[in-house]
Every structure is written in C-alpha cells, then in structure tokens.
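Chemist: quick one, fold the following:
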Amino acid sequence: MAVDTLVESPQSALSGVARVLVHAGKLNAKAAEDLARGAKERRTSFVSAVVAAGAVPPADLAHALSSSLALPLLDLNAVDVARLPRGIVDSKLALQYQLLVLGKRGNRLFIGAADPTDQEAAERIKFATQMSPEWVIVEYDKLMRVLEAQGADVNQTVENLAGGDFDFDVTDEDTAAQENAEVSQEVEDAPVVRFLQKMLIDAINMRASDLHFEPFEYNYRVRFRIDGELREITQPPIAIKDKLASRIKVISRMDIAEKRVPQDGRMKLKFGNKAIDFRISTLPTLFGEKIVIRILDPSSAKLGIEALGYEKVERERLMGVIQRPYGMVLVTGPTGSGKTVSLYTCLNILNQPGVNICTVEDPAEINLPGVNQVNVNDKAGLTFAAALKSFLRQDPDIIMVGEIRDLETADIAIKAAQTGHMVMSTLHTNDAPTTLTRLLNMGVAPFNIAASVLLITAQRLARRLCENCKAPADYPREALLRAGFAETDLDGSWKPYRAVGCSACNGGYKGRVGLYQVMPITESIQRIILAEGTSMDIAAQAQKEGVRDLRQAGLLKVRNGATTLEEVISVTNE
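Modeler: Numbering: from 1, shown residues only. This next block holds a predicted model:
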C-alpha cells in the first residue's frame, strides 16, 4: 500500500513514515505527533527519533514499511558491505539522508533506506547521479552502523594505515602554491598528509623503486614496485583520492587545479640523515588521476661498478672504453632496466676536477655534484639536439645524452664523438646488435656509426635470490638444455637454486642483479656495419669474439647461484 493511498484521517498531517506506523498500529497518533515534533526541533529524521525513543524496534519498523509500501526488505547482515559500490553518491549526502547505494542496473540506482518516503532525498539523488532511485527497505540500526563505518573510513582508516605521526620534513623550494587559501584545507588534511608520509617511508624501507596510486570505480589501490615486481600494499578509502592528489601536487609544485592533462613534478624529502628525491607523474584516468612516484636514491649512482653485477671480462671491456678520450658508448634496454644507473656509475668514475662533464636528460634523475646537468624543456625549445649544440661551445670532455630519439640528436652526438669528445647515451632496443641497425634505420650513415661507436652494452635486471632462504632446485636435464645450457655445462660441478621465501625477503628474492651483453665494436663488426649487414650478422660475429648474449649472461648468474632459471627466462629472449 503506497503512502498516498492511505485513508485520510486526523493523522494525515503526519509524515509518510509516521502515517504508516499509525495505520499499522505500531504507534498512536499522539505519540507519532510528539516524536515528529521532537525530531523537527532536533533536526533529525523521524525514523531516528522513533528508534532512539524505543517506540518501535528497527526490525518491526522496517517490516511495517515494507508491507505497507510494497517495497522489498533487505537484511544488511547478509550483505558483504565491502563489495557495495562506492563513489556514486557522495558520502556526506548519504550520511545526511541516511541512505546506502546497493547497486545499479541501467539507469536505475538501488538505494537502501529506512525512510523511503523522503522526497527531498529522492530528488537530490536523481539530480546528483542522473539516475532513477529504486528504494529498498533496510533496518535503521544496521544501516547506521554501515554509514558510520563508511563515514569514518576517510579519517579513521587513513589514521590506522598511517599508524601515527611522523617527523618528515618537506624541503620545498617553491612554497607559493601552499599559500592558496582556497586549497589549504584540502591539501593539509592531517590524516591524508600522514598517510602519504607513511607510504613514502614504507616504500623506502621496502626498497621500492616506484609507488602507484590508482583510482578505480569502486576502490583505490596503492602498489609498490619492489625488485621489479608490482605488489599491492593497501586499499585506502576511495574518498581520499582527490585530497591525496592535491597534496602530492602541492609538494611537487604542480598545478593542483589542472586535472585534465598529465603533469610531471619533483619533490625532495628528508629521511633520516639523507635527502631523497622523488619524481612524480600524474595521468588522468576514467575515475581520477593515477599518480606514480619514482624514488631516486642518489646512493644508487655511487654503488661502484663492482656492485652492478658485471662479470670480470665485461667490466674490463667497459672500463677500458670509457677511459678513451673520444668515441661513443651506448647503453640499451627497456624502461626500468637500470640504464641510467649504469651511465651515472660511469660518470662518477670519470668525474674528476680536471674533467668537464655535461649531461642532458629528460629529466635529470639524480643530482651528481661536479657534473653540469641540463633538463630537457621541449616547450621552451630546449631539446636534446639544442642542448647538444650548446654543449659543444662549452668545452666539454664528456657528454651524456639521456636518450637518442631522432636523427638530429644522433647526428650531433656522433659528430661530437668524432671531434674529441666521449659521448654516452641510451637507446631502447632489445640487445646490442639491434642497436646498430636501429641507428641505420634512423638514417645515420654506416661509416659514421663504424667510426664513432666504441662499445654497446645491453642490459636487463633480474631478481636476486635471497641468501637466507634459497634452496637447491631439481630441474630436469631437458629443461636446462632447452634454456640454453650446453651438455658440457651439466657436469655436476654446480647446483641451481630456487626461491623459497622468508621474513627477510620478497617471495624468495631480495634486490636485483644485472645481466649484461657488453659488445665492443671490433674491426670485424665495423666491416659488417659498412657492408650494411643485419643485426643477425653482427650477433653471429660477436658470438665468435666471445660476447655473451643476454640469455647466456643470465645462465651464468644461475650457475653462480645469484638468481633462478625461471627469472632469467622471464627477462630474456632465447
């Protein structure tokens, strides 16, 4: 029976719920009027007044409404509240009108409420969502427990995740953005500030290289990349996504009002006795801005060549070439393979008072004292090529180009290598031989490549086995042969290991180790380049000259017990 079909009577002046309860015999008219008056004075709902006064038990009230109004009744105790959709109706609006979004189908939005007769709530929901509300009766006490838990999520859950206060100083060179009074409350929200600090500290302690803050339709996810593998760390309340994005933008000096286009920024945080740089990238997605924070630890550039994982012969090849007065050294591999760390390590070795080193990067990831570093700024016309032209007038001894992306940059870099400068750069290719054919395809003349390129290093990063828990593995002989081992390698003098996992590591792995293909450009390879030979021709000649490919370098790490066969297979091609 709908409310407007109830028989007109003296109690018809009462609200919809009050009329239903009087008509169902749950309340007398006088009691209903007193409760309605009290609810109005205290600015609360009639249903809350009835339950608070103990006049009608919540279960009886819900059954009476369901029966009288012919609406379905739902027991919230039987619902997995964590799986209910979030973000469709603002949490403040839901708490104000005491309603819960249960789901949607097409243009219909199913709303759980203890008072489905509230026309103002129906209009607000329809306006905010552009969907038609379909009412479902729920018990008032159970509804309020869910709403209060959801309302507490934004502050209490973040407080719990943050785990308390931190003395975490922000070194912000440009604090003007924080003086905007309109956004100060949003970006200085204390639980959100502490949550961000907690995530950054955890990431540093867990040796993460990147933090991913990812908004989706019904949840918000934080993941860390640890030892090259993404791991989900937590799912904070989705309601914090905008405040968290604003906070990150302020301390990394981005435009917090701009949410439609990607932005890049940097920030520096003091952690203990050292300052750590972070590079931030925002990306507009369907449900908010995804933010990736890369941790740039300056100590990684000072590890020394021995710590990177080069074998003795590979290290000697590389060290012998970078000490030459001129020529070009190229480092190649996919994003995240450690190319920048390798180049910075070489620059640190060469960084002496009598040497002028200039770098152009996009952006400069780690500050190197004594090295003149330039950031690319395409909008201002400061491209790799423009910076390289300027470098040649700055009397450099060593030039580092962050990446060779086009023919103009390649031409200038090669001419610099031919005119008395040591040039180091990176390319994105799969291995060392294909780097030479990539330069040919870009339009670089074969004789220029043969005359300037001295050495190419291709590299990958594989997860390193944890020394505390690794255990011998029993691989079938056929599997080892298929992976690339020769019959002579399987002489029983060594044993492969497998990942186990313990409290000190990440699933059996701790840290990463480099796999390197270090290919000097010998006279034989120069002749193949001048004859415009293929990458396969170059690879075959390199093998004859004792250059290990990436798979062979990985198998050597398996023999040494540094990593597993599965890990090598996953990061290299046969």
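Chemist: where does pLDDT dip in the stretch 451-574 of the chain?
Modeler: Low-confidence segments of the stretch 451-574 of the chain (pLDDT under 70): 574.
Chemist: so where do the strands sit in it?
Modeler: Here the stretch 451-574 of the chain has its strands, by DSSP state E, counting those that start in this stretch, at 453-465, 471-472, 497-498, 509-520.
Chemist: longest helix in this protein, by residue count?
Modeler: Longest among the helix segments of the chain by residue count, using DSSP state H, is helix 190-205.
Chemist: buried ones in stretch 540-550?
Modeler: Neighbour-count burial for stretch 540-550 flags 541-542, 547-550 (criterion: 16 or more other C-beta atoms under 10 Å). C-betas here are computed from N, CA, C, even on glycine.
Chemist: can you map out the strands along the stretch 101-250 of the chain?
Modeler: 108-113, 132-138, 170-171, 208-215, 220-226, 229-234.
Chemist: elements contacting the fourth one?
Modeler: Applying 3 or more C-beta pairs under 8 Å, 6 or more residues apart in numbering; DSSP states H and E, one finds that strand 208-215 makes contact with helix 190-205, strand 220-226, helix 241-251, strand 288-296.
Chemist: with distance to L35 added, can I get the ones you listed in CSV?
Modeler: Supplementary listing: the helices and strands packed on strand 208-215 in CSV, determined by distance: least, C-beta to C-beta, whole Å:
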stretch, distance to L35
helix 190-205, 37
strand 220-226, 40
helix 241-251, 39
strand 288-296, 43
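Chemist: dump those to TSV, plus mean neighbour count, distance to F110 and mean pLDDT.
Modeler: Converted to TSV, these look like this (neighbours: other C-beta atoms under 10 Å; distance: least, C-beta to C-beta, whole Å; pLDDT from 0 to 100):
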stretch	mean neighbour count	distance to F110	mean pLDDT
helix 190-205	19	31	84
strand 220-226	20	23	92
helix 241-251	22	24	90
strand 288-296	20	24	92
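Chemist: for A462, find the nearest of these.
Modeler: strand 220-226 (14.1 Å; C-beta to C-beta).
Chemist: quick one: contacts of that closest one?
Modeler: Residues from elsewhere that reach strand 220-226 (C-beta atoms under 8 Å, 6 or more residues apart in numbering): 199, 202-203, 206-214, 230-238, 240-241, 506.
Chemist: relative to it, what are the paired strands and their orientations?
Modeler: strand 208-215 (antiparallel), strand 229-234 (antiparallel) (DSSP bridges).
Chemist: the inter-axis angle of the last one versus strand 509-520?
Modeler: Direction vectors for strand 229-234 and strand 509-520, defined by axes from the mean of the first three to the mean of the last three C-alpha atoms, to 10 degrees, enclose an angle of 150 degrees.
Chemist: the first one too?
Modeler: When the same axes, to 10 degrees is applied, the directions of strand 208-215 and strand 509-520 differ by 110 degrees.
Chemist: mind listing what's buried along strand 208-215?
Modeler: Neighbour-count burial for strand 208-215 [16+ other C-beta under 10 Å]: 208-215.
Chemist: so, low pLDDT: which residues of the stretch 101-250 of the chain?
Modeler: 149-189.
Chemist: what number of residues lie near A364?
Modeler: By other C-beta atoms under 10 Å, the residues close to A364 number 21.
Chemist: check contacts around it.
Modeler: Taking C-beta under 8 Å, 6+ apart as the test, what A364 contacts is 373-375.
Chemist: which one of those residues has the most neighbours?
Modeler: Busiest of the contacts of A364 [other C-beta under 10 Å] is V374, holding 20 neighbours.
Chemist: sorry, back to before: output the longest helix of the chain as CSV, nothing but the C-alphas.
Modeler: Output in CSV follows, covering the C-alpha atoms of helix 190-205 (Å, rounded to 0.1, in the frame of the first residue of the first chain):
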residue,chain,number,x,y,z
ALA,A,190,46.1,15.8,8.5
PRO,A,191,45.2,12.1,8.0
VAL,A,192,46.0,12.3,4.3
VAL,A,193,49.3,14.0,5.0
ARG,A,194,50.3,11.3,7.4
PHE,A,195,49.1,8.6,5.1
LEU,A,196,51.3,9.9,2.2
GLN,A,197,54.3,10.1,4.6
LYS,A,198,53.7,6.6,5.8
MET,A,199,53.5,5.3,2.2
LEU,A,200,56.8,7.0,1.3
ILE,A,201,58.6,5.8,4.3
ASP,A,202,57.3,2.2,3.8
ALA,A,203,58.4,2.4,0.2
ILE,A,204,61.9,3.4,1.1
ASN,A,205,62.2,0.8,3.8
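Chemist: hmm, back to that, P353: which of the helices and strands packed on strand 208-215 is closest?
Modeler: So among the helices and strands packed on strand 208-215, strand 288-296 is nearest, using C-beta to C-beta, at 25.5 Å.
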